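Asks: I would like to see how this sequence folds:
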Amino acid sequence: MLNLAKVHFLGAAGTVTGSKFLIEAFDKQLMIDCGMFQGVKELRELNWKELPFDVEKIDVVLLTHGHLDHVGFLPRLYKQGFRGKIIGTSPTLAIAEIILKDSAKIHEEEAEKAAEENYSKHNPVLPFYTVTEAEKTIGLFEPKEEGKWESLSKEISYRFQYNGHIIGATFIELEINKKRFVFSGDVGRVNDYLLAAPKKPRWADYLFLESTYGHKLHPQEDIEEILSEFIEETILNKGNLIIPSFAVERLQILMYILWKLYKKNKIPGIPIFVDSPMGNNVLEVFKRYLQWHKLPMNEYKAMCSHMNIIESYRETWETIDDSRSKIIIAGSGMVTGGRVLTYLSQLIDEPTTTILLVGYQAEGTRGRQLQEGCHEIKFFGRYFPVKAKVRNIESLSAHADQQDLLNWLSEIKNIPEEVFLVHGEQTALDALRLKIQKEKKWNVFVPKLHAIKELTV
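Replies: Numbering: from 1, shown residues only. Here you go, the predicted structure:
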């Protein structure tokens, strides 16, 4: 009798967000990641749709890491009836807890603001999920060790393997009846300021590979030199350098680089304000899980004491009113929400302002609009003229580029039966597919959203 595993591509298929894969095998149902769609409206609207199967039957969700596009749908899953275990490494679950609570709070605040100011078409205006729903979801969390095989049933076991990218991130090896499924999650970079190089898979019968930067190589930039120049220009113009930043990893890397520049006397003592409540909580995760990163505790403490870490919204406005030239690092990294919008509402129309984008900007986000040179941008229900200079540093990305991804595959001893490229926009997916087919001669597929694939196990 032929044994089959059925894989449902519920997110990050033909797009870079909403990572979600359901696997049905041997009377078990498990999900790999449970992310929220971000970016263009047609993708965001998918978040509100019920999943096309009985959510109550899912036994377990395994998380590669804690980013919103990998965990942000979990409270909706709970709302639809899921009561199984949500499993990841301890730092992944710590990050996921921070992100879910923060995003729930933002959902509630945005719904309230939209209702008050009447700029939503929906009536009533409902949050995507509430803080209470996020907290109930967090109650299902169960941490497991990295590098250790765990059993789900007689036929199914799994293992988390260190993957760089952000603190706690892993790729997942899933053994189903002796066939190995490898879900890459998001692959980190070999030379990262704060994290060790990712481990590499050694065997994969079925490989599910991210392709965020599958079409390009990160530029070989001298980040410290570029940042120094931007800061010098900001001081000369008596302006502000605003850096929208992801709260997890990117914010901590920026803090570390700026601290290093100051220590080396490459920049003067310009005030640096870090305004990300979520980022502050992530700093605590770094403090708690020292074995998961390369930053020694004495450097961590010195770095934090050098920055002005903002703890209240009142301090946000005090920072805006501060007439000195300054650096402001604020969430969110794709300018989709968070404190950075408050700064931009006051400073984006100033020619002395520089906005520095330091990460991937998904299609449909305000960050992508700024990157592409828009002359005005909409948030808080109105349009703001963009007179600030917009700059970009790609080489700070926490994602592997095409060469890194090929290197990550380099120790796989067998020829996978099938490779599925996920978590990428179409250009990246096509480029990486052609590259792997040419160099490896492997069978590579780009699944469509909501595709279902039956695989022999």
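Asks: what helix or strand is the closest residue to G66 other than its chain neighbours on?
Replies: Nearest residue to G66 in three dimensions, chain neighbours excluded: I95, at 3.1 Å (C-beta to C-beta, 6 or more residues apart in numbering). Every residue, glycine included, has its C-beta placed from N, CA and C. Per DSSP states H and E: I95 is located in helix 90-117.
Asks: Could you point out the helix or strand that follows that helix?
Replies: Next along from helix 90-117, by DSSP H and E: helix 131-138.
Asks: what mean pLDDT does that following helix have?
Replies: Across helix 131-138, the average pLDDT comes to 97.
Asks: Just the buried positions in the next helix or strand after that helix, please.
Replies: Sequence order places strand 141-143 as the next helix or strand after helix 131-138, per DSSP H and E. Buried residues in strand 141-143, counted by 16 or more other C-beta atoms under 10 Å: F141.
Asks: ditto for stretch 166-177
Replies: Here stretch 166-177 shows 166-176 as buried, counting by 16+ other C-beta under 10 Å.
Asks: Can you verify my assumption that the residue nearest to G66 contacts G279?
Replies: No: counting by C-beta atoms under 8 Å, I95 stays clear of G279, with 11.3 Å between them.
Asks: Overlap in contacts, those two.
Replies: Counting by C-beta atoms under 8 Å, 6 or more residues apart in numbering, the shared contacts of I95 and G279 are V248.
Asks: quick one, what contacts L126?
Replies: Here L126 is in contact with A111 (criterion: C-beta under 8 Å, 6+ apart).
Asks: Give the residue spans of the stretch 101-250 of the chain that score low on pLDDT.
Replies: By pLDDT under 70, the low-scoring segments of the stretch 101-250 of the chain are 118-123.
Asks: And the strands in it?
Replies: Along the stretch 101-250 of the chain, counting by DSSP state E, counting those that start in this stretch, strands occupy 141-143, 150-151, 156-162, 170-176, 179-183, 206-210, 240-244.
Asks: packing partners for the fourth one?
Replies: To tie it back to what came earlier, the one meant is strand 170-176. Contacts defined by 3 or more C-beta pairs under 8 Å, 6 or more residues apart in numbering; DSSP states H and E place strand 170-176 against strand 20-25, strand 28-34, strand 156-162, strand 179-183.
Asks: With the shortest one instead?
Replies: Helices and strands touching strand 150-151, as assessed by 3+ C-beta pairs under 8 Å, 6+ apart, comprise strand 156-162.
Asks: got the angle between the strand it packs on and strand 20-25?
Replies: 150 degrees (axes from the mean of the first three to the mean of the last three C-alpha atoms, to 10 degrees).
Asks: same for strand 156-162, what does it pack against?
Replies: Judged by 3+ C-beta pairs under 8 Å, 6+ apart, the packing partners of strand 156-162 are strand 150-151, strand 170-176.
Asks: still on that earlier bit, now the strands of the stretch 101-250 of the chain in TSV, please, with extra columns for distance to K57.
Replies: Converted to TSV, the strands of the stretch 101-250 of the chain look like this (distance: least, C-beta to C-beta, whole Å):
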stretch	distance to K57
strand 141-143	19
strand 150-151	20
strand 156-162	15
strand 170-176	17
strand 179-183	20
strand 206-210	22
strand 240-244	40
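Asks: Among the ones you listed, which comes closest to L295?
Replies: Comparing these against L295 with C-beta to C-beta, the closest turns out to be strand 156-162 (16.2 Å).
Asks: what sits up against that closest one?
Replies: Residues outside strand 156-162 that contact it (C-beta under 8 Å, 6+ apart) are 25-26, 28, 30, 62, 88-89, 144-152, 169-177, 196, 198-199, 201.
Asks: Next, the contact list for E439, please.
Replies: L406.
Asks: How about R44?
Replies: For R44, the contact set (C-beta under 8 Å, 6+ apart) comprises 37-38, 364.
Asks: any idea of the pLDDT on the residue sitting nearest the centre point of the chain?
Replies: The residue lying closest to the centre of the chain (C-alpha atoms, centre = their mean) is H67, at 3.9 Å. Note on H67: pLDDT of 94.
Asks: so it makes contact with D186?
Replies: Yes: judged on C-beta under 8 Å, H67 makes contact with D186 at a distance of 7.2 Å.
Asks: Residues in contact with both of these two, list them for me.
Replies: Shared contacts of H67 and D186 (C-beta under 8 Å, 6+ apart): I166.
Asks: Which residue, neighbours along the chain excluded, lies closest to L43?
Replies: Closest residue in space to L43, ignoring its immediate chain neighbours: F37 at 4.2 Å, by C-beta to C-beta, 6+ apart.
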